[in-house]
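Give me the fold of what follows.
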Amino acid sequence: MVDVSQKSVTTREAQASCVVYLGDAYEAVAANSLKKGDVLKVSQLAGIMGAKATASLIPLCHNIPISKVDVQLRLDPASRSVAVRALAVTDGKTGVEMEALTAASVAALTVYDMCKAAAKDMVVGGLQLDYKAGGRSGTYLRAGLRRCDLLPSASSPL
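Prediction:
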């Protein structure tokens, strides 16, 4: 584990995203007709829980106090997919990138799990860090992203 004892406590936040291409399951998710329940709501909750469990899942990841997690899932009819965005915030000595990435990936995996009986052609992809702020390295905004691509609950990086 990296020694963060000499670092200053600052507000740190990070947003990650990914996409679940639903294929044949798209209509069932859009109609909220799957037997397992509301895919988007359950996956949102799973993402939040995933962020809180990050240190248990990722070896050598610091267990940090998370002050906010926001997970949003949006259906995209053009690509027959679910866009997942996850934001994590802390006041601490190390960043929350792993918590945001874990939240997005657990939400996406939950979508997959809930839909696997309806479609075998689903693809989870594009897991990435979109934005981070705080700490010594400052602010990072993925090239090509704009403020409107971030969750409304994110602080403005611009």
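
just so I have it, where are all the helices in the protein?
Listed in chain order, the helices of the chain (DSSP state H) span 26-30, 39-52, 54-57, 97-115.

Show me what the helix or strand of the chain with the lowest mean pLDDT pairs with in its sheet, parallel or antiparallel.
Across the helices and strands of the chain, mean confidence by mean pLDDT, DSSP states H and E is lowest for strand 140-141: a mean of 91. Paired neighbours of strand 140-141 in the sheet (DSSP bridges): strand 123-133 (antiparallel).

average pLDDT across the strand it pairs with?
On average, the pLDDT along strand 123-133 is 96.

between it and helix 97-115, how many degrees?
Here strand 123-133 points in a direction 150 degrees away from that of helix 97-115 (axes from the mean of the first three to the mean of the last three CA atoms, to 10 degrees).

now the residue nearest the centre of the chain: how far from Gln15?
Nearest to the geometric centre of the chain sits Ala104, at 2.4 Å (CA atoms, centre = their mean). Distance, Ala104 to Gln15, by CB to CB, to the nearest Å: 9 Å. (Glycine included, C-beta is placed from N, CA and C.)

Identify the contacts common to the two.
Taking CB atoms under 8 Å, 6 or more residues apart in numbering as the contact rule, the neighbours common to Ala104 and Gln15 are 85-86.

Can you check the pLDDT for the residue in the chain sticking out farthest from the centre?
Most distant residue from the mean C-alpha position of the chain: Gln6, 28.7 Å away (CA atoms, centre = their mean). Looking at Gln6, its pLDDT reads 79.

In contact with the closest residue in space to Lys68 that isn't next to it in sequence, which residues?
In this structure, Lys68 finds its nearest non-sequential neighbour in Val89, 4.1 Å apart by CB to CB, 6 or more residues apart in numbering. Applying CB under 8 Å, 6+ apart to Val89 gives the contacts 11-13, 66-69, 96.

how far away is the residue farthest from the centre of the chain from Gly138?
Gln6 sits 18 Å away from Gly138, going by CB to CB.

now Val89
Counting by CB to CB, the gap from Val89 to Gly138 is 16 Å.
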